[in-house]
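Student: got a predicted model here, sequence first, then my questions.
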Amino acid sequence: MSDINYELNLTVNGERGSFRVSPRLSLADFLREELHLTGTHVGCEQGACGACTVRYNGDQVRACLMYAVQAEGAEVETIEGITESGELAALQEAFHRNNALQCGFCTPGMLIAAADLLKHNPSPDRDQIRAGISGNYCRCTGYHSIVDAVAETCSGGTKEATQ
Amino acid sequence: MSEKPHLSVLDRPNSYIGRSVPRPNARRLLAGRGQYPSNVSLPRMVHVAFARSPFAHARIVGVDTEAARQAPGVVGVFVGEDIAKICQPWVGTLEHFAGMKSAPQYPLAHNVVRWQGEPVVAVVAQTRALAEDALELLLIDYEELPAVTDPETALDPDTPLIHPELGDNLVFGSKVEAGDIERAFAEADLVVEDEFHFGRHTGVTLEPRVVVADYDPSEERLTAYHGTQTPYQMQDVYARHLGLAEENVRVVVKDIGGAFGIKLHVHGEEMTTCALSMLLKRPVKWSADRLESFVSDIHARDHRVRARLALTKDGRILGYDVDDLTGVGAYSVYPRTSAVEGNQVIKLVGAPYTQQHYRAVLKVVLQNKNVMSQYRAVGHPIAFTVTEALVDKAAAELGLDPMELRARNYVPDDAYPYKSASGFTYEGLSLQRSLEKLKEMIGYPELREEQRGLRDKGVYRGIGIATFVEITAPGPAFYGVGGARISSQDGCSMKLEPSGKVQLAISVNELGQGTETIVAQIAATELGIAMEDIRVVTGDTGATPYGGAAWASRGAAIGGEVTVRAARALRDSILEVAGASLQTSPSELDLRDSLVVSREDGEELISLAEVGRIAYFRSDTLPPGFQPQLSVVRHYSPQGLPFAFTNGVHASYVEVDVDTGLVRLLNHWVVEDCGRVLNPKLVDEQARGGVAQGIGMALFEECLYSADGQLTNGSLADYLVPLSSELPDIEVAHIETPSQYSEIGAKGAGEAGTAASPAAIMNAVNDAIAPLGGRVTAMPMTPERILRSLKRI
Ligand code: FES
Ligand code: FES
């Protein structure tokens, strides 16, 4: 395919690599199809649902809204890398205890969004949690248990969990 | 064998039943290790993209595929006739729906397109992007035909016919009658009536529909990695329509990114993709993008209901008179049809009440719009919105509290079994207890007081109550008798591994609702082992017994029961081997903590691992002629009544901004009775997720069509799905009235949240704006509709 002609150098989950990609390949498709990091999901390809949320130089971004070539020189982290570093362990445990996922399709993006929220506000109340994750759709849970899980993970540990 | 009866699974020591055990399989999903069909990639795999009709109704005059064929990376271009050569069309009718009709539907449009978005041409290329590039090069000539979009005029004589061979645009008509409805209304002290509109919406599974079809001509074998909630049904459909042997079709679905009833219908894209794999003899992948989902995933609801309710002056309900018109798009959907929802509506209105008189009329009509069929809580949100909105209206006219009017008319808790006016038999419901529990839960008097106090300050809050009675876990009378090859039974197999651990394979599959967890809870309890020692396999027609899988809230009721039976059989087999080895009667033995113990005094005899070792490697030490049987399989189809009816009641507390028309949801409560609760947390979460989808229906979601049949909001930016910031906390409580027809006693739980939440919210909104003379009877209750009812715009 003739348009695979852009060089891309970046670090994904701590591993550096060089690739040749099409300029129109989205970062989400690059991660999923070239690197087989299928924990990054695609739900809309329009920036609406948040299923494709990853970290880009430490900030959460929607991988469907970026071209892979824009990540030249960047550090990208996906759910696979963030899980293995253990950084999300407490949040993942709380999600598990609270059954804050059903189909799990929103979950990687939701975890990254929730971690980002907690980074900026270590002890949000329930309304702040709801606002903080409002860019991530979940069609299964109705969000209540996700709010419970995030509330449990706050600095206080179990702040305002309803259980 | 034992003379003494076994302990029921409910009475065993260390029981997992009724415990909120977290889902073991959720860990994988939390780590981004889900195995969704959208992740599947196979060697030599190519991708298909579809050219879709830009018109709601048009004749295909010509298709020029030449330029597309020459485009880079293109492997093939296929029109309707190419696919029709190897894929038989289907007709979405059921034989027990008298007079029902629909036209043959082809995987790709055949001569005429009948909705905007109907797939017309398939382009296969090395990547999805290249396939989409080539779509641009197709030249398709259409001759536009008049579009039929308004269900109200679909049956008028001068309305064009969508399928001329059918003679009219009617798919199905039906009527349910009981008592003497004319007299009841003539003699009633009070009659209230309304016309209700329910918009079209859709499921919006976060993972769109996907299939990877892999046909191997050397074995004539098709493997479909298909995001479906009914793999066995799809095995049957693929085999029959593609002319393959059923045993050569394998459907695999490990994880699935949401289903909700959307992913059990036959859609043309999946059929085409499988046909393409056969034609190209290599794997072909189709994954819907979001726009494709909006124009081709089945839509739901779309009802106009005119209804009236007759009462005596002391608030006794005499009967409902209902007229439901539903527009179902261009075809009745295969194989479950598009008439089941309406058919449930006309049997469920007034279901909680002791009405003697009843009439409900249904008309299901065609339109040049995307097809419509069953989605979570099929018919229930329509029926209970109609039922409960009229109850509230009557309560207001009679000056009665809405709780009181309901309590006076519920089928009493001691009246079961009870036959409803529409002919259903309820085994056992708890309407009165549920309402009492709800009142307590919400602090009803205090809430009313708060509402009154705020009203004086110009803050308009409303409290809405809505009851439901729900059809769950249907038996073969639902689809099977109508000729549809949709199984109402499920199968479970289990084997003891040599290690003493257990593998369990079951046909009820995992959609995230927790099936794998509850069956492990049940099997572990019955076998006296830890849940961690059970490996559950689901979602592979090549690896599990045949069954219905996941539809109509059947996992716990049917899947749970078949698991008890299979576990009991394995337990008996284990005890036989242990008895043979220990030279004692199996009836003297029991299982506990992965050990065979003496039934009498609990003495520890041998481990399950030792039973496995002896059975598999040292059968020479067993008595001559004894053959251990440590793999078992059991099947179970619901018995007793055709459905396991459940019940419950919702309450919604809202605040309406009467200047902007915006509704703020303050709280939502559910009391539900789904029989025995196997895992309370999982049931709560089903209720919450279901409520969220009901909230979407009530306030946000609508597929908007222009008058000429163009979908105008086919993106997640334009179609409003409820967000975390818009939803309230949702509190759930349970009453348990176990079914007596099964040992496990569980009934369905997956749809109760959706069944009555829209009704509760409509009642709450109307309660809030009643002092200003407003009343809304159309969903979604958008700010515009609310402001119009308040005459502010
Ligand atoms: S896929 Fe990126 S936001 Fe939905
Ligand atoms: S768990 Fe299914 S979308 Fe959130």
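Tutor: Cool, got the structure. Only a predicted model underlies this, so the values are computations on that prediction, with no experimental measurement involved. Ligands and ions are numbered 1, 2, ... in the order given.
Student: list the helices and strands the longest helix seen in chain A packs on?
Tutor: Counting residues, the longest helix in chain A under DSSP state H turns out to be helix A:107-120. Judged by 3 or more Cβ pairs under 8 Å, 6 or more residues apart in numbering or on different chains; DSSP states H and E, helix A:107-120 is in contact with strand A:53-56, strand A:59-62, helix A:79-84, helix A:89-98, helix A:126-132, helix A:144-153, helix B:26-30. Quick note: C-beta positions are derived from backbone N, CA and C, even for glycine.
Student: out of these, which is the most enclosed?
Tutor: Neighbour counts (mean count of other Cβ atoms under 10 Å in any protein chain shown) averaged over each of the helices and strands packed on helix A:107-120 peak at helix A:144-153, with a mean of 27.
Student: what does it rub up against?
Tutor: Helix A:144-153 is contacted by residues A:90-91, A:94-95, A:97-101, A:110, A:114, A:117-118, A:124, A:126, A:129-130, A:132-133, A:138, A:158-163, B:685, B:688, B:724, B:727, B:729-730 when judged by Cβ atoms under 8 Å, 6 or more residues apart in numbering or on different chains.
Student: CA atoms only: put it into CSV for me.
Tutor: Listed next in CSV are the C-alpha coordinates belonging to helix A:144-153 (Å, rounded to 0.1, in the frame of the first residue of the first chain):
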residue,chain,number,x,y,z
HIS,A,144,-23.3,4.2,39.9
SER,A,145,-20.9,1.4,40.6
ILE,A,146,-18.1,3.2,38.7
VAL,A,147,-18.7,6.3,41.0
ASP,A,148,-18.6,3.9,44.0
ALA,A,149,-15.3,2.4,42.8
VAL,A,150,-13.6,5.8,42.2
ALA,A,151,-14.9,7.1,45.5
GLU,A,152,-13.4,4.1,47.3
THR,A,153,-10.0,4.8,45.7
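Student: from the chain's centroid, how far away is stretch B:499-507?
Tutor: 27 Å (Cα atoms, centre = their mean, to the nearest Å).
Student: cool, and stretch B:529-536?
Tutor: Counting by Cα atoms, centre = their mean, stretch B:529-536 is centred 28 Å from the centre of its parent chain.
Student: what's the residue of chain B found nearest chain A in contact with, if anything?
Tutor: Proximity of chain B to chain A (Cβ to the nearest Cβ) peaks at B:G32, 2.2 Å away. Neighbour list for B:G32: A:37-40, A:78-80, A:83, A:107-108 [criterion: Cβ under 8 Å, 6+ apart].
Student: again, but for B:F260
Tutor: A:139, B:203, B:205, B:375-376, B:693.
Student: most neighbours, which of those residues?
Tutor: Among these, B:Q693 has the most neighbours (other Cβ atoms under 10 Å in any protein chain shown), with 29 neighbours.
Student: that one is in contact with B:T754, isn't it?
Tutor: Yes: if you go by Cβ atoms under 8 Å, B:Q693 and B:T754 touch, sitting 5.0 Å apart.
Student: got any residues that touch both of the two?
Tutor: Common neighbours of B:Q693 and B:T754, counting by Cβ under 8 Å, 6+ apart, are B:R376.
Student: in space, what's closest to residue 58 - neighbours in sequence excluded?
Tutor: Just going to use chain A. Excluding its sequence neighbours, the residue lying closest to A:G58 (Cβ to Cβ, 6 or more residues apart in numbering or on different chains) is A:E75, at 7.4 Å.
Student: correction: the question concerned chain B.
Tutor: B:Y142 (4.0 Å).
Student: that neighbour pairs with what?
Tutor: Here B:Y142 sits in beta bridges with B:I60, going by DSSP bridges.
Student: ok, it - contacts?
Tutor: By Cβ under 8 Å, 6+ apart, the residues touching B:Y142 are B:53-55, B:58-61, B:113.
Student: now render the helices and strands packed on helix A:107-120 as CSV, adding distance to ligand 2 and mean pLDDT.
Tutor: CSV is the format used below for the helices and strands packed on helix A:107-120 (distance: least, Cβ to the nearest ligand atom, whole Å; pLDDT from 0 to 100):
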stretch, distance to ligand 2, mean pLDDT
strand A:53-56, 13, 98
strand A:59-62, 16, 98
helix A:79-84, 14, 97
helix A:89-98, 10, 97
helix A:126-132, 15, 97
helix A:144-153, 8, 97
helix B:26-30, 8, 97
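Student: pipe these into CSV and attach distance to B:P43 per row.
Tutor: Formatted as CSV, those follow (distance: least, Cβ to Cβ, whole Å):
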stretch, distance to B:P43
strand A:53-56, 27
strand A:59-62, 31
helix A:79-84, 23
helix A:89-98, 33
helix A:126-132, 42
helix A:144-153, 38
helix B:26-30, 24
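Student: out of these, which is closest to B:S573?
Tutor: Among these, the nearest to B:S573 by Cβ to Cβ is helix B:26-30 (30.8 Å).
Student: once you drop chain neighbours, what's closest to B:L429?
Tutor: Here the residue nearest B:L429, using Cβ to Cβ, 6+ apart, is B:N647, at 4.3 Å.
Student: what about that neighbour, how many neighbours?
Tutor: Neighbours of B:N647 under the rule other Cβ under 10 Å: 29.
Student: B:D490 against B:N509, yeah?
Tutor: No: contact criterion Cβ under 8 Å: B:D490 and B:N509 do not qualify, at 9.8 Å.
Student: shared neighbours of the two, anything?
Tutor: Contact criterion Cβ under 8 Å, 6+ apart; residues bridging B:D490 and B:N509 by contacting each: B:A549.
Student: now B:G199: which helix or strand?
Tutor: Using DSSP states H and E, B:G199 maps to strand B:190-202.
Student: please see if that strand touches chain A.
Tutor: No: Strand B:190-202 does not reach chain A (Cβ under 8 Å from any Cβ of the partner chain); its nearest approach is 11.1 Å.
Student: can you list the strands that that strand pairs with?
Tutor: strand B:299-311 (antiparallel), strand B:778-779 (parallel).
Student: can you name the element that comes right after the longest one?
Tutor: Toward the C-terminus, strand B:299-311 is succeeded by strand B:317-327 as the next helix or strand (DSSP H and E).
Student: who does that next one pair up with?
Tutor: Assessed with DSSP bridges, strand B:317-327 is paired to strand B:299-311 (antiparallel), strand B:357-365 (parallel).
Student: low-confidence ranges in chain A?
Tutor: Residue ranges of chain A with pLDDT under 70: A:1-3, A:155-163.
Student: near ligand 2, which residues of it show up?
Tutor: When proximity is defined as Cβ under 6 Å from any ligand atom, chain A approaches ligand 2 at A:101-107, A:138-141.
Student: tabulate these (TSV), appending secondary structure.
Tutor: Listed next are the residues of chain A next to ligand 2 as TSV, based on DSSP: H, G, I helix; E, B strand; the rest coil:
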residue	secondary structure
A:L101	coil
A:Q102	coil
A:C103	coil
A:G104	coil
A:F105	coil
A:C106	coil
A:T107	helix
A:C138	coil
A:R139	coil
A:C140	coil
A:T141	coil
